[in-house]
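K.L.:
coords please:
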Amino acid sequence: MLLLLASFTLFAAAGCSNGAGNGDSGSGNSVSANVSQTSSEVQQDPWSGVTPATISDTKSGIESLQSAVKEFKQAVEAEQTEEIKKLAAEMAGVWVAMQADVKSANGSLHETIDGELQRLMAEVASDKRSKDVLIELDYSLYQHLRDLKQHF
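P.N.:
Residues are numbered from 1 along each chain as shown. Model (predicted):
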């Protein structure tokens, strides 16, 4: 939704500065092309703003992520909002640190875990966070991490 709003705002700004009346017919297209490129870059790397955690190797990263996932479930059940946010950020950092290795080892599992983490992060950021959705995502994520561990 935010991406759509940002894209619309930039598109509207591009329309207002398209150079109409001054003989500069190319500037509107240039700005529109930049909007498309920016939107696709954001869609391609949702983790771009996340600082990678320090992990010794992918196996230890998986173990760290599994531990955080367990703690996350407990925080969700106890409705500890600040702990939920802290653990979500921790999971994102560990994932960013190891995702390239995961993708090399098992592209399909990488895609699954990446999608689950993105949905989990979106739910954590939501004003109407659902405890049931978070627990379901947590459970699925834990199962997929267990599967992933077999590859390392």
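
K.L.:
tell me what the helix or strand in which Ser67 is found is packed against?
P.N.:
Following DSSP states H and E, one finds Ser67 within helix 58-77. Packing partners of helix 58-77 (3 or more CB pairs under 8 Å, 6 or more residues apart in numbering; DSSP states H and E): helix 81-105, helix 131-149. C-beta here means a position set from N, CA and C on the backbone, and glycine is covered the same way.

K.L.:
now, of these, which is deepest in the fold?
P.N.:
helix 81-105 (a mean of 18; mean count of other CB atoms under 10 Å).

K.L.:
roughly how far out does whatever helix or strand comes next after that one sit from the chain middle?
P.N.:
Remark: after helix 81-105, the chain's next helix or strand is helix 107-125, criterion DSSP H and E. Chain-centre distance of helix 107-125: 7 Å, with CA atoms, centre = their mean, to the nearest Å.

K.L.:
Same question for stretch 140-152.
P.N.:
19 Å.

K.L.:
State the mean pLDDT of that stretch.
P.N.:
The pLDDT scores in stretch 140-152 average 95.

K.L.:
can you check stretch 100-114 too?
P.N.:
Per-residue scores along stretch 100-114 average to 96.

K.L.:
For that stretch, C-alpha coordinates in CSV please.
P.N.:
The C-alpha coordinates for stretch 100-114 follow below in CSV (Å, rounded to 0.1, in the frame of the first residue of the first chain):
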residue,chain,number,x,y,z
ALA,A,100,22.5,-15.6,-0.3
ASP,A,101,23.9,-18.9,1.0
VAL,A,102,20.4,-20.2,1.5
LYS,A,103,19.5,-19.3,-2.0
SER,A,104,22.5,-21.1,-3.4
ALA,A,105,21.8,-24.2,-1.4
ASN,A,106,18.1,-24.4,-2.0
GLY,A,107,16.3,-21.7,-4.1
SER,A,108,12.9,-23.1,-3.5
LEU,A,109,13.3,-23.1,0.3
HIS,A,110,14.8,-19.7,0.2
GLU,A,111,11.8,-18.4,-1.7
THR,A,112,9.4,-19.9,0.9
ILE,A,113,11.3,-18.7,4.0
ASP,A,114,11.8,-15.2,2.4
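
K.L.:
contacts for it?
P.N.:
For stretch 100-114, contacts defined as CB atoms under 8 Å, 6 or more residues apart in numbering pick out Thr58, Trp95, Gln99, Leu141, His144, Leu145, Asp147, Leu148, His151, Phe152.
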